[in-house]
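Asker: Build me a structure from this.
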Amino acid sequence: MEEMSYKHSNLVSMTNKKTSEVVESILEQSKKLDRKFKQSIDVVFNLKNIDLNIPKNRVDEEIILPYGRGNEAKVALFASGELAIKSKKHVDLLIKPEEIEDLSKDKKQFKKVADDHDFFIAEAPLMPTIGKTLGTVLGPRGKMPKPVPPQADLTNMVKNLRNTVKVRSKSNKTFHTIAGNAEMSKDNIAENVDVIIKRVEGALERGRMNIGSVYIKTTMGPSERVI
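Answerer: Now for the predicted structure:
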């Protein structure tokens, strides 16, 4: 048992080292590109031996990154009363109950709102109304609101969401998410990447056996394989 434990520990260590080396390489290449904007770090998964036409096999995870996304996620809140007042300094957009109907009548405008925000949260009593009126826009994007419990710490909830990424395969065997940006340290990016990979492994029926390959790349740079 001790020998097996050692081997597993050593494998994890080697994987982390490989991740760090790949991140270092793509960061070096990123510097040579001399882009005028902050490039994100993308993790690209290619799955194998899995039927994603079966909904239960699909990956749909939200992962809080230990070192953040590089660019904080944008959060919108549906709320009224005291929660709405408290939220103003915490969220990027406040949508009051009386605005929901107007947004439902202008789906084109609300699609822009949905695409511009990463996460939506809502006070629990508004959830049924949001589902009926705006669910056709939010649902397919995987952005249906999370209910805010009555006594929840909104500050902490929003803080966690700002450092969270979504990993969704839908029915595609190739999908990606962000793990930071090129201005972060290589070690912080590497740890974010490893956290994402472990969560995706845990969501798959056969774990690592369902992963064909994983690549890391910057927005405009070439990709390098880590698995």
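
Asker: domain ranges for the chain?
Answerer: Per automatic domain parsing, the structural domains of the chain span 34-70+163-225, 75-162.

Asker: how far out from the middle of the chain is the shortest one?
Answerer: Put simply, domain 75-162 sits 17 Å off its chain's centre (CA atoms, centre = their mean, to the nearest Å).

Asker: Please apply the same query to stretch 17-28.
Answerer: The answer for stretch 17-28 is 21 Å, by CA atoms, centre = their mean.

Asker: List the buried residues for that stretch?
Answerer: Thr19, Ser20, Val22, Val23, Ile26, Leu27 (16 or more other CB atoms under 10 Å). Placement of C-beta: from N, CA and C, glycine included.

Asker: Can you tell me which of these end up in helices?
Answerer: Thr19, Ser20, Val22, Val23, Ile26, Leu27 (DSSP state H).

Asker: Return the member of those residues nearest to Ile63.
Answerer: Looking at those and their distance to Ile63, the nearest is Thr19, at 15.4 Å (CB to CB).

Asker: Rank the helices and strands of the chain by mean pLDDT and give me the bottom one.
Answerer: Taking mean pLDDT, DSSP states H and E as the measure, the helix or strand of the chain with the lowest value is helix 2-33, at a mean of 67.

Asker: Toward the C-terminus from that helix, list the very next helix or strand.
Answerer: strand 40-47 (DSSP states H and E).

Asker: Which strands or helices does that following strand pack on?
Answerer: strand 174-181, helix 186-203, strand 211-218 (3 or more CB pairs under 8 Å, 6 or more residues apart in numbering; DSSP states H and E).

Asker: Could you look up the next helix or strand downstream of that strand?
Answerer: Heading C-terminal from strand 40-47 (DSSP H and E), you reach strand 60-64.

Asker: hmm, who's touching that following strand?
Answerer: Contact with strand 60-64 is made by 142, 160, 163-169, 177, 195-196, 199-200, 203, as judged by CB atoms under 8 Å, 6 or more residues apart in numbering.
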